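Colleague: coordinates for the following, if possible.
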Amino acid sequence: MMSSKGVVILGSTGSIGCQTLDVVSQNPDKLHVVGLACGTRVSDMQRQAQKFSVRHTAVGADDALDLIDLDGVDIVVNALVGAAGLRASYKTLMAGKTLALANKESLVVGGDLLMPMADKPGRLMPIDSEHGAIYQCLMGEEASHVRRLWVTASGGPFRGMTTDQLKNVTAKEALAHPTWNMGPKITIDSSTLMNKGLEVIEAHHLFDMPYERIEVVVQPQSAIHSMVEYTDGSVKAHLGTTDMRIPIQFALSYPERWDAPVAPLDFRELGSLEFAAPDTKTFRCLALAREAGKTGGTLPAVMNAANEVAVGAFLQGECSFLDIAACVEDAMEKHKVQRVESIEQLQEVDMDARRCALNYLSDCTAA
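Modeller: Numbering: from 1, shown residues only. This is a model prediction of the structure:
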C-alpha cells in the first residue's frame, strides 16, 4: 500500500493553493499537508490550517523557505506569485524534494540554474495545463521523434481587438477571463499574451526544446490544453475539462493516475473547436518574451521584472494596458545581457529592472 505523501503549499490562499487543498481533501489516504505559506491573507491560511490539521505555517516568501526543510515533506507546491518564487524552487530541488511548480517565473528567470538540478523524472512537475499536457504527450516517446510543441492559448478577453481599441481598456475588463479562473497577475498576463510568452520560455527549459520548434496557437474553447507534433506527422493532443485541479493532481500523483478530481469532459456537448494564429503585432508581449528567451542569459529576468511592475501599475490604474508592453520593451532595450551565474546575480538584475520600469512608468505619467 502506498504511503501518504507530505505536501507543503507555498501560496496556499491563492487560486492554485486553494485548488491543491481541494485535491488533497479528495485524496486523504494519499496526501497530507505538512505546511502552508501565504502572502497577506493570514486569516484565510489559518482557516486552512485548522481544516487540514496543519501545524506549520509561514507568512511571506522568506519565511516560506523554512517550510521546505521540515521533516516529512515529499512535495513542495510552489504557487508563489512572481520572481519571489525562484528561491523556493531552488531550495526545493537542492533539498532533493519533488517540486510541483506553478510559479512560472522560476523557470523564466532561473531555468538555466534549475533544470540541471531536476535530473530525474518526476523531480520537477509542472502545475500548468499547457505544460502538464505536453509532459503527458511526451511520455513514452523518443525526444528525437518530436518535431514541434504546440502551446495553446485562449486568446484572453481582448482577442480580435485592435491597438486603438485596447488604448482605454480597464483592469476590470482585463480580469474577465473567458475560460480560466486565475489570480489577478496571471489573468492580466493572459490578456496581454505575456502569459503565453512565459509559457514558451518554460517549455524551452522543461522539455529542452529550441524556440524554433515551439509554436503558439489560439484555441478559444481551452479544451485542448496543448499538443505535440511528431516527425511522422502524428499529433498527440491533451484534452479535458477546463479545471486546474486536473494538472495539479497529475503533478502530485505522478507516476500514478488517481480518480478524476472533476467531472470528465463530455465530447458530445463540446461543440466546435477553433484554431487561430496569435496576433503578436497587437499583443506585443508574446513577441517580446520570445525575443528575451531566444537571447537568453539575464534578459528573461529583466523582461519578467519589468512586466511585474507594469502589471502592478495597470491593476492600480497607474498606467494604460498598452504601457505594459512598452515598459517591458524599454527595460529590455536598456539592459546589457549577462550570462546567468547565480541566484544573487538574478536578484540584482531583477531589482535593477524594476527600478528601470518604475522610472519609465513615472515618465509616462508625467507626460
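Colleague: and the helix or strand hosting V216, how far from the chain's centre?
Modeller: Applying DSSP states H and E as the criterion places V216 in strand 214-218. The chain centre lies 16 Å from the centre of strand 214-218; the measure is CA atoms, centre = their mean, to the nearest Å.
Colleague: which residues touch the residue nearest to A176 when sequence neighbours are not counted?
Modeller: Spatial nearest neighbour of A176, excluding adjacent residues (CB to CB, 6 or more residues apart in numbering): P157 at 5.2 Å. Bear in mind the C-beta positions are built from the backbone N, C-alpha and C, glycine included. Residues in contact with P157, defined by CB atoms under 8 Å, 6 or more residues apart in numbering, are E173, A174, A176, H177, P178, S191.
Colleague: separation between the spatially closest residue to the first one that is not a sequence neighbour and Q165?
Modeller: Yep, that's E173 we're talking about. Spatially, and ignoring its direct neighbours in sequence, E173 is nearest to P157 (6.5 Å; CB to CB, 6+ apart). As judged by CB to CB, to the nearest Å, P157 and Q165 stand 12 Å apart.
Colleague: ditto for S190
Modeller: 17 Å.
Colleague: neighbour count for those two, which is higher?
Modeller: S190 (24 against 11; other CB atoms under 10 Å).
Colleague: quick one: that one is in a helix?
Modeller: Yes. Counting by DSSP: H, G, I helix; E, B strand; the rest coil, S190 is located in a helix.
Colleague: quick one: contacts for it?
Modeller: Counted by CB under 8 Å, 6+ apart, S190 has contacts S154, G156, H177, W180, M182, K196.
Colleague: need the contact list for the most centrally placed residue in the chain.
Modeller: By CA atoms, centre = their mean, the chain has its centre lying nearest to K104, at 3.2 Å. Residues in contact with K104 (CB under 8 Å, 6+ apart) are D128, I186, N195, L198, E199, E202.
Colleague: looking at those, which one is closest to R354?
Modeller: L198 (17.0 Å; CB to CB).
Colleague: in a strand, the residue nearest to A176, correct?
Modeller: No. Using three-state DSSP, the assignment for P157 is coil, not a strand.
Colleague: what about S25, distance to S129?
Modeller: 21 Å.
Colleague: ranges for the helices of the stretch 151-300 of the chain?
Modeller: 163-166, 171-174, 184-192, 194-206, 245-253, 285-295, 299-315 (DSSP state H, counting those that start in this stretch).
Colleague: reformat these as TSV; add distance to D66 and mean pLDDT.
Modeller: Listed next are these as TSV, based on distance: least, CB to CB, whole Å; pLDDT from 0 to 100:
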stretch	distance to D66	mean pLDDT
helix 163-166	43	96
helix 171-174	34	93
helix 184-192	25	93
helix 194-206	27	97
helix 245-253	22	96
helix 285-295	32	98
helix 299-315	24	97
